[in-house]
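Enquirer: sequence first, then the predicted structure:
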Amino acid sequence: QVQLVESGGGSVQAGGSLRLSCAASGRTLSSYTMGWFRQAPDKEREFVARIMWSESRTFYADFVKGRFTISRDYAKNTVYLQMNSLKSEDTAVYSCAASYNPWAQDPARYDYWGQGTQVTVSS
């Protein structure tokens, strides 16, 4: 079992920045890919970014490339999502998740989920 707890959400004006954290406990994460997803009201959950825990390979959705950065800290067992140049359309609940599948982007391929943290961007 892996437990994931997100933090760092909040309200920010357009153009601002936030850093989300996802603290993991339970099993070691060395076999997992960690992903960030978001879900806006009345919309489906969508993939934002992923990172392979063991190799630090990253992949991003096109709409966040150049603005968001995913990273991980071995010592703290934590994954981060640095979000810069935020736009109103980035407003959503952001969740982190863990998958055994190294290339997973489909939420259905993720096995463990955090509870989510709200990000609100005002224009």
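Expert: Yes, it's here.

Enquirer: now the residue positioned nearest the centre of the chain. Nearest residue, chain neighbours left out?
Expert: Nearest residue to the geometric centre of the chain (Cα atoms, centre = their mean): residue 36, 2.3 Å. Among residues not flanking residue 36 along the chain, residue 48 sits closest, at 4.3 Å (Cβ to Cβ, 6 or more residues apart in numbering). The way it works is simple: take the backbone N, C-alpha and C, and place the C-beta from them, glycine included.

Enquirer: list the contacts for the closest residue in space to residue 13 that isn't next to it in sequence?
Expert: For residue 13, the nearest residue in space outside its immediate sequence neighbours is residue 122; the separation is 5.5 Å by Cβ to Cβ, 6+ apart. When the contact criterion is Cβ atoms under 8 Å, 6 or more residues apart in numbering, the partners of residue 122 are 11, 12, 13, 14, 88.

Enquirer: which residues sit in contact with the residue nearest to the centre of the chain?
Expert: Residue 36 makes contact with 20, 22, 48, 49, 50, 70, 79, 81, 94, 95, 96, 97, according to Cβ under 8 Å, 6+ apart.

Enquirer: many thanks, we can stop here.
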